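In: Fold the following and give me the result.
(3 chains)
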Amino acid sequence: MQQRFYTITQLTQEFAITTRTLRFYEAQGLLSPQRRGRQRLYSPADRTRLKLILRGKRLGFSLAEISEMIGMYGKAPGEAGQLRLLMEKITARRTELLEKYRDIELTLKELDEVEAGARSRMAEIGGVFEDSAAPVLREEEA
DNA sequence: CTTCTCACA
DNA sequence: TGTGAGGA
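Out: The predicted structure follows:
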């Protein structure tokens, strides 16, 4: 293998993270770049690990979970065990998200009810809302 | 610029 | 799960 390395700043620029984040991941045991003197040198493998970490983060996994998932590389249960763990994590994460989703739906429904109450009360006292004719807009997030 | 530690949300 | 500060 040709040893091409990345410096900490190269990685921070490539992945839009800070040096402190990278060092933090290292302190948490998720990365272990080699050193040239006191400087960190990240191998292509380290870079790949970092990608995995960031992907895990996007999916909402904790660093501990991510560490658990990618950390068992070449360990006892092997790849099959690793994949099983991943499946478990995915199921758990989906359940968690669906639960939140239901909570949000409930809250939205309650907001509608409160709003309806406010509107009818306003009508009773003969007042008018500024936007009484405007449709309720709900923008989706990107 | 890099490194580290400590406090803090 | 990181950030801010301050020093080397």
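In: right, is the one helix or strand residue A:101 maps to up against DNA strand C?
Out: Using DSSP states H and E, residue A:101 maps to helix A:78-124. No: using Cβ under 7 Å from any atom of the strand, helix A:78-124 never reaches DNA strand C; the gap is at least 13.0 Å. Bear in mind the C-beta positions are built from the backbone N, C-alpha and C, glycine included.
In: do the same with stretch A:9-29
Out: Yes: interface with DNA strand C: stretch A:9-29 contributes A:17, A:18, A:20, A:21, A:24 (Cβ under 7 Å from any atom of the strand).
In: Filter the residues you listed down to the buried ones and express that as a PyMOL selection.
Out: Selection of buried members from those for PyMOL, criterion 16 or more other Cβ atoms under 10 Å:
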select buried, chain A and resi 17+21
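In: Show me the residues of stretch A:9-29 next to DNA strand C that map onto helices.
Out: If you go by DSSP state H, the residues of stretch A:9-29 next to DNA strand C have A:20, A:21, A:24 in helices.
In: In TSV, list those residues along with pLDDT and distance to residue A:76.
Out: Below are those laid out as TSV (pLDDT from 0 to 100; distance: Cβ to Cβ, whole Å):
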residue	pLDDT	distance to residue A:76
A:20	93	34
A:21	93	30
A:24	93	28
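In: Give me the buried positions along the strand or helix carrying residue A:55.
Out: According to DSSP H and E, residue A:55 maps onto helix A:44-58. Across helix A:44-58, burial judged by 16+ other Cβ under 10 Å covers A:46, A:47, A:49, A:50, A:53, A:54, A:56.
In: cool, and stretch A:84-101?
Out: Here stretch A:84-101 shows A:86, A:89 as buried, counting by 16+ other Cβ under 10 Å.
In: Give me the contacts around it.
Out: Contacts with stretch A:84-101, where a contact means Cβ atoms under 8 Å, 6 or more residues apart in numbering, come from A:59, A:60, A:61, A:65, A:68, A:69, A:72, A:77.
In: Please settle this for me: is the second one part of a strand?
Out: No: assignment of residue A:60 by DSSP: H, G, I helix; E, B strand; the rest coil gives coil, placing it outside any strand.
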